[in-house]
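J.: whatever this is, show me its structure:
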Amino acid sequence: MDIDFNKNEDVMKQLIFQLNKNLANVKLGGGEKKIASQHKKGKLTARERIEYLKDEDSHFLEVAAFAGEGMYEDVGGCPSGGVVVGIGKVSGRDCVIVANDATVKAGAWFPITAKKNMRAQEIAMENRLPIIYLVDSAGVFLPMQDEIFPDKEHFGRQFRNNAKMSSMGIVQVAAIMGSCVAGGAYLPIMSDEAMIVDKTGSIFLAGSYLVKAAIGEDIDNETLGGATTHSEISGVTDNKFESDEACLDYIKRIFDKLGDYDKAGFDRSEPKLPKESPEELYGIIPEDRVKPYDTREVIKRLVDDSEFDEYKELYGQSIICGYARIDGWAVGIVANQRKVVKSKKGEMQMGGVIYSDSADKSARFIMNCNQRKIPLVFLQDVSGFMVGSRAEQGGIIKDGAKMVNAMANSVVPKFTFIIGNSYGAGNYAMCGKAYDPRLIYAWPTAQMAVMSGGAASKTLLQIKVAGLKAKGEEITPEAEKKFLEEITNRYEKQLSPYYAASRLWVDGIIDPLDTRDIISKGIAMANHAPITEKFNVGVIQT
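T.: Got it, this is the predicted structure:
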């Protein structure tokens, strides 16, 4: 190993140390005092409920752990969006689990909470996975009601999704383990079966204070909407249980009796580990994000037996396409090549840039994977499409459109990993969030934006200076330098993978060593959803 490899490895390990530290903080939710308060009431926390519910020693793939990070500091923050979401096994069945975290503002719904909850429902619908709701929420966070209540992708959309999932035959099970008020009451009751925990669970459209104000009736919350009322009188809930554990045990027994599911039929053989050490991924990605490296070396450390059958290896070399297996599953890989390469015309091509021939190759490869029913994995480290007169005259827009068209219309499941840069239209062509990857995760080295920090900062500076000069203001070199620093700092913050993860542009930030497991789990869940659509790219100019 050379000195650059060792430096890269040190930087990556520092990033992963910080990632694990940040995850540990997020998992505390509202803090240790709020956790103790939950326990004092005889309740488990959201994460403890999931741990108890999922199969022992099985992996829970968390989605959007950093949702809301740094977004609501003026009201005390909203760690993990106040809800824990992920994919896990219950009684041997893959399912989506959604658990309100009552240690965070009593489980109140922030705008990001609604977005995260709908992401959970999206995963369930796309992959035909059963979904479990562990409800413990005080309802909408009223100071932000205008950002969560009335719009298409706001709070009410989740109940529409409840109804749609029911019509699709997707199993929905809910447990009311704390508060469940107002509009939020519809979520568990629109599920197939709803349980409630005695003395701690309650469900009503309006609490006792609001009832008193509205109609003058004096009544306590337990009588109004507790477990006895709804399990013995109203029939709103199906069964009541004496504890969180007893309720969760019942859910396990429900899932133990579910019938088998139709399968998509993706090919899987005996899993094999990579021959090349996956730990070496730490040293391959350069600390300097403009420095070239051979992306094939990344692929070799992700795929079974480090075996990769490349497609059109000598053509369109700024994107690598090929077939492999990951944990036994057959996959098609589309990856940006960061090494400087020579084109078929003898021209040098910059690493990480999509050229016309690469876009054309990728479109053809994506079509092949759809024809053969092979899931697609995108590895993003992309600076964008090639620009300039030669590229424009060569039809870069047309070829880029071919790639985007084929990728967007793909009917096989897609999984995206941002391992480095993700800039401009390159993000789109390589299956960014707007193009419905089943899962999308970032490595700690990821950056996402319209353009790189350096290019954006200089562009924004030029705009600012031109605006000031138009007003007759004179700009000194010192002032210009200060403006550049301010703009750069603000833009660099927005480039961070944590900024993206907090807004659900990605499903999370991961240790590169977890990439194989996530792809395997993703394809396993996608295998629950048979492909019923026919692949058709529509009109593409040739």
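J.: can we go C-alpha only for contacts and neighbour counts from here?
T.: OK.
J.: strands along the stretch 201-350 of the chain, start to end?
T.: 239-241, 309-311, 319-326, 329-336, 341-342, 348-349 (DSSP state E, counting those that start in this stretch).
J.: for the stretch 1-150 of the chain, that is, sorry about that
T.: Using DSSP E, counting those that start in this stretch, strands in the stretch 1-150 of the chain cover 61-63, 83-90, 93-100, 131-137.
J.: what does the last one rub up against?
T.: The reference is to strand 131-137. Outside strand 131-137, the residues that touch it by C-alpha atoms under 8 Å, 6 or more residues apart in numbering are 46, 95-102, 106-109, 121, 124, 170-181, 188, 201.
J.: still on that earlier bit, okay, the strands of the stretch 201-350 of the chain in a markdown table with mean pLDDT, mean neighbour count and distance to residue 116 next?
T.: Supplementary listing: the strands of the stretch 201-350 of the chain in a markdown table, determined by pLDDT from 0 to 100; neighbours: other C-alpha atoms under 10 Å; distance: least, C-alpha to C-alpha, whole Å:
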| stretch | mean pLDDT | mean neighbour count | distance to residue 116 |
| --- | --- | --- | --- |
| strand 239-241 | 96 | 21 | 28 |
| strand 309-311 | 98 | 15 | 37 |
| strand 319-326 | 98 | 24 | 28 |
| strand 329-336 | 98 | 25 | 28 |
| strand 341-342 | 72 | 17 | 41 |
| strand 348-349 | 67 | 15 | 40 |
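J.: of all those strands, which one comes closest to residue 469?
T.: Between residue 469 and these, the tightest spacing by C-alpha to C-alpha is seen for strand 348-349, at 38.6 Å.
J.: who touches the helix or strand following that closest one?
T.: Where DSSP states H and E defines the elements, the next helix or strand beyond strand 348-349 is strand 353-354. Outside of strand 353-354, the residues within contact range by C-alpha under 8 Å, 6+ apart are 318, 319, 336, 382, 383, 384, 385, 386, 426.
J.: now for whichever helix or strand comes after strand 353-354, which elements pack on it?
T.: Per DSSP H and E, the first helix or strand lying C-terminal to strand 353-354 is helix 356-372. In this structure, helix 356-372 makes packing contacts with strand 319-326, strand 329-336, helix 396-408, judged by 3 or more C-alpha pairs under 8 Å, 6 or more residues apart in numbering; DSSP states H and E.
J.: would you mind pulling up the elements that the second one packs against?
T.: Yep, that's strand 329-336 we're talking about. In this structure, strand 329-336 packs against strand 319-326, helix 356-372, strand 376-382, with contacts taken as 3+ C-alpha pairs under 8 Å, 6+ apart.
J.: which residues does the nearest residue to residue 247 once chain neighbours are set aside contact?
T.: The spatially closest residue to residue 247, leaving aside those adjacent along the chain, is residue 241, at 5.5 Å (C-alpha to C-alpha, 6 or more residues apart in numbering). Each residue near residue 241 by C-alpha under 8 Å, 6+ apart is listed here: 195, 196, 197, 198, 247.
J.: pLDDT below threshold where in the stretch 251-400 of the chain?
T.: 342-349, 387-388, 391-395 (pLDDT under 70).
J.: if we can go back for a sec, which of the contacts of strand 353-354 has the most neighbours?
T.: Among those, residue 382 has the most neighbours (other C-alpha atoms under 10 Å), with 30 neighbours.
J.: hang on, isn't that residue packed against residue 352?
T.: Yes - the pair residue 382 / residue 352 is scored as a contact, 4.5 Å apart, by C-alpha atoms under 8 Å.
J.: for those two, list the residues in contact with both.
T.: Common contacts of residue 382 and residue 352 (C-alpha under 8 Å, 6+ apart): residue 336.
J.: show me what contacts residue 332?
T.: Residues near residue 332 by C-alpha under 8 Å, 6+ apart: 321, 322, 323, 324, 366, 369, 374, 375, 376, 377.
J.: what distance do you get for the fifth one to residue 155?
T.: Spelled out, it's residue 366. Going from residue 366 to residue 155 by C-alpha to C-alpha, to the nearest Å gives 36 Å.
J.: then the fourth one?
T.: Applying C-alpha to C-alpha, the value for residue 324 to residue 155 is 41 Å.
J.: neighbours of residue 472, how many?
T.: 9.
J.: quick one, phi/psi of it?
T.: phi 90, psi 10 (degrees, to the nearest 10).
J.: report pLDDT for it.
T.: Residue 472 carries a pLDDT value of 77.
J.: need the contacts of residue 241 in a markdown table with neighbour count, distance to residue 59 and pLDDT, can you?
T.: Shown next, in a markdown table, are the contacts of residue 241 (neighbours: other C-alpha atoms under 10 Å; distance: C-alpha to C-alpha, whole Å; pLDDT from 0 to 100):
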| residue | neighbour count | distance to residue 59 | pLDDT |
| --- | --- | --- | --- |
| 195 | 27 | 25 | 95 |
| 196 | 32 | 27 | 96 |
| 197 | 25 | 26 | 96 |
| 198 | 22 | 30 | 95 |
| 247 | 21 | 22 | 98 |
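J.: next step: these restricted to helices.
T.: Among the contacts of residue 241, DSSP state H puts residue 247 in helices.
J.: which one of the contacts of residue 241 is nearest to residue 2?
T.: Nearest to residue 2 out of those is residue 247 (C-alpha to C-alpha; 56.1 Å).
J.: who touches the closest one in this structure?
T.: Listed by C-alpha under 8 Å, 6+ apart, the contact set of residue 247 reads 175, 195, 196, 197, 240, 241.
J.: with residue 46 instead?
T.: 83, 84, 99, 100, 101, 102, 134.
J.: hang on, the earlier thing: with distance to residue 215 added, can I get the helices and strands packed on strand 329-336 in a markdown table?
T.: As requested, the helices and strands packed on strand 329-336 are exported to a markdown table (distance: least, C-alpha to C-alpha, whole Å):
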| stretch | distance to residue 215 |
| --- | --- |
| strand 319-326 | 62 |
| helix 356-372 | 60 |
| strand 376-382 | 58 |
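J.: most packed of the ones you listed?
T.: Mean neighbours per residue, mean count of other C-alpha atoms under 10 Å, is largest over the helices and strands packed on strand 329-336 for strand 376-382, with a mean of 27.
J.: for it, name the packing helices and strands.
T.: With contacts defined as 3+ C-alpha pairs under 8 Å, 6+ apart, strand 376-382 has these neighbours: strand 329-336, strand 414-423, helix 424-429.
J.: distance from the chain centre to the first one, please.
T.: Just to be clear, that refers to strand 329-336. Its chain's C-alpha centre lies 19 Å from the corresponding centre of strand 329-336 when counted by C-alpha atoms, centre = their mean, to the nearest Å.
J.: the shortest one too?
T.: Here helix 424-429 shows a centroid-to-chain-centroid distance of 17 Å under the convention C-alpha atoms, centre = their mean.
J.: helices of the stretch 151-300 of the chain, residue ranges please.
T.: Secondary structure of the stretch 151-300 of the chain by DSSP state H, counting those that start in this stretch: the helices cover 157-167, 186-189, 208-215, 221-225, 227-228, 244-256, 281-284, 295-300.
J.: just to revisit the earlier point, closest to residue 490 among the contacts of residue 46?
T.: For these, the closest approach to residue 490 (C-alpha to C-alpha) belongs to residue 83, at 28.5 Å.
J.: distance to residue 530 for the strands of the stretch 201-350 of the chain - can I get that in a markdown table?
T.: Below are the strands of the stretch 201-350 of the chain laid out as a markdown table (distance: least, C-alpha to C-alpha, whole Å):
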| stretch | distance to residue 530 |
| --- | --- |
| strand 239-241 | 34 |
| strand 309-311 | 26 |
| strand 319-326 | 20 |
| strand 329-336 | 16 |
| strand 341-342 | 40 |
| strand 348-349 | 40 |
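J.: those: which one's closest to residue 2?
T.: For residue 2, the closest of the strands of the stretch 201-350 of the chain is strand 341-342, at 22.2 Å, according to C-alpha to C-alpha.
J.: end-to-end on stretch 383-399?
T.: One end of stretch 383-399 sits 17 Å from the other (C-alpha to C-alpha).
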